[in-house]
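Student: Sequence and predicted structure, then a few things I'm wondering about:
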Amino acid sequence: MNYWLMKSEPDEFSIDDLKACPNQTEAWHGIRNYQARNFMRDEMQIGDQVFFYHSSCKVPGIVGIAEVVTNAYPDSTAFDPESKYFDPKSDPTKPRWLRVDIRFVEKFNDIIPLSLIKNLPQLADMYLVSKGSRLSIQPVTAEQWQAVLMLTR
DNA sequence: GCCAACGTTGGC
DNA sequence: GCCAACGTTGGC
């Protein structure tokens, strides 16, 4: 099993939104970055655990946990001219973009703020706080996963 | 294949 | 809103 961190702008889609979805499950659409896509395609597995991260907001940070419940499959929003994620270069017979479904697992009582993560030596090597990190889907090590969980309990 | 121009991300 | 850092595009 692998661990991940996935970013979302809470104004667009928050962990509360995920919890409110049918079956508390939602398709993680709109990823338009090859590295993030390749993680989904090549390394993500059903059952993988995900830190849900709120970005571009007042207090950015990790707000809870979700779980991967499907393998990667074509992101149909790329074929929809009405969608903000429409990509005319993604051919439906050869889809360029993929998504997975994730299910709500847990919302932390308190957010783990980015400012705290930056200041903890045991989390200093998280991809999240590495220079110029912008990936919206990032791998997390088992050690980092445990270190973050320790902060919530 | 290089690289300048442009677009996006995301913290602050 | 600013801007650093990175990704993508497209001419050559």
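Tutor: Yes, it's here. Here the structure is a predicted model, which is why all the values come from computation and not from measurement.
Student: Can you give me the buried ones in the helix ranked longest in chain A?
Tutor: What stands out as the longest helix in chain A, according to DSSP state H, is helix A:142-152. Buried residues in helix A:142-152, counting neighbours by 16 or more other C-beta atoms under 10 Å, are found at A:144, A:145, A:147, A:148, A:149. Where C-beta positions appear, they are placed from N, C-alpha and C, glycine not excepted.
Student: Run through who's touching it.
Tutor: Around helix A:142-152, the neighbours that count as contacts under C-beta atoms under 8 Å, 6 or more residues apart in numbering are A:3, A:49, A:51, A:62, A:108-110, A:112, A:116-117, A:120, A:122-123, A:125-126, A:140.
Student: cool, stretch A:78-97 as well?
Tutor: A:29, A:30, A:31, A:32, A:37, A:74, A:75, A:77.
Student: So which residues make contact with the host helix or strand of the fifth one?
Tutor: Read that as residue A:37. Per DSSP states H and E: residue A:37 is located in helix A:34-42. Residues outside helix A:34-42 that contact it (C-beta under 8 Å, 6+ apart): A:4, A:31, A:72, A:97, A:98, A:99, A:100, A:135, A:136, A:137, A:138, A:139.
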